[in-house]
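1. The following block contains a protein sequence and its predicted model.
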Amino acid sequence: MRVERGVIVICTGGGGFPVVSQEDGFHADILLLLTDVEAVYVNFGEPDARGIASIGAGTLRPEDFAKGSTGPKIEAAKQFAGSKGRRAAIGRLEDAMAILSEAAGTTVQQGNDLARYRTSKLDTSPIDQKGQSFAAK
């Protein structure tokens, strides 16, 4: 991801996300919330945990997730994707390119779509510049 491609990166480490309001003239098409977990999970840490591949912003309930961890990420994704047809995604830093192509992580889009779950553990193979796994070729 580079400036030449029109990508602006705003980042911070542990303790919160930078805040920029629309009134500041900032416009973004996608919000990536990069963390150390592959995706947003229902029943995280439990034997029946399932990774969410995609879900509508109107379906998400931040209060259903850990308050100091996933909850704030869900709230930010929901607010960002809840209007203007934008999307947000949550996943691991090393999967950023795959997340952009929706091959990894959790994508949140406008609407009330029910969750689509990943059928298996996420592919963590190295990815090429198109976001496709080398293992898939």
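-> Looks like it came in fine.

2. can you give me the helices in this protein?
-> 70-81, 96-100 (DSSP state H).

3. Of all those helices, which one is nearest Ala115?
-> helix 70-81 (12.1 Å; CB to CB). The way it works is simple: take the backbone N, C-alpha and C, and place the C-beta from them, glycine included.

4. before we move on, the earlier item: deepest of the helices of the chain, which one?
-> Of all those, helix 96-100 has the most neighbours on average by mean count of other CB atoms under 10 Å, namely a mean of 21.

5. so what does it touch, helix or strand wise?
-> Identification of packing neighbours for helix 96-100 by 3 or more CB pairs under 8 Å, 6 or more residues apart in numbering; DSSP states H and E yields strand 30-35, strand 87-92.

6. weakest of those in terms of mean pLDDT?
-> Among the helices and strands packed on helix 96-100, strand 30-35 has the lowest mean pLDDT, at a mean of 90.

7. that older thread, quick one: the helices of the chain as a markdown table, columns for mean pLDDT too.
-> Listed next are these as a markdown table, based on pLDDT from 0 to 100:
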| stretch | mean pLDDT |
| --- | --- |
| helix 70-81 | 88 |
| helix 96-100 | 92 |
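
8. right, and these - which one's nearest Ala39?
-> helix 96-100 (9.0 Å).

9. Put the alpha carbons of that closest one into PDB.
-> C-alpha atoms of helix 96-100 as PDB (Å, rounded to 0.1, in the frame of the first residue of the first chain):
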ATOM      1  CA  ALA A  96      -3.800  -6.300   5.200                       C
ATOM      2  CA  MET A  97      -3.700  -6.900   1.400                       C
ATOM      3  CA  ALA A  98      -5.900 -10.000   1.700                       C
ATOM      4  CA  ILE A  99      -8.300  -8.100   3.900                       C
ATOM      5  CA  LEU A 100      -8.700  -5.400   1.200                       C
END
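
10. Run a quick neighbour tally on Leu114.
-> Neighbourhood size, Leu114 [other CB atoms under 10 Å]: 9.
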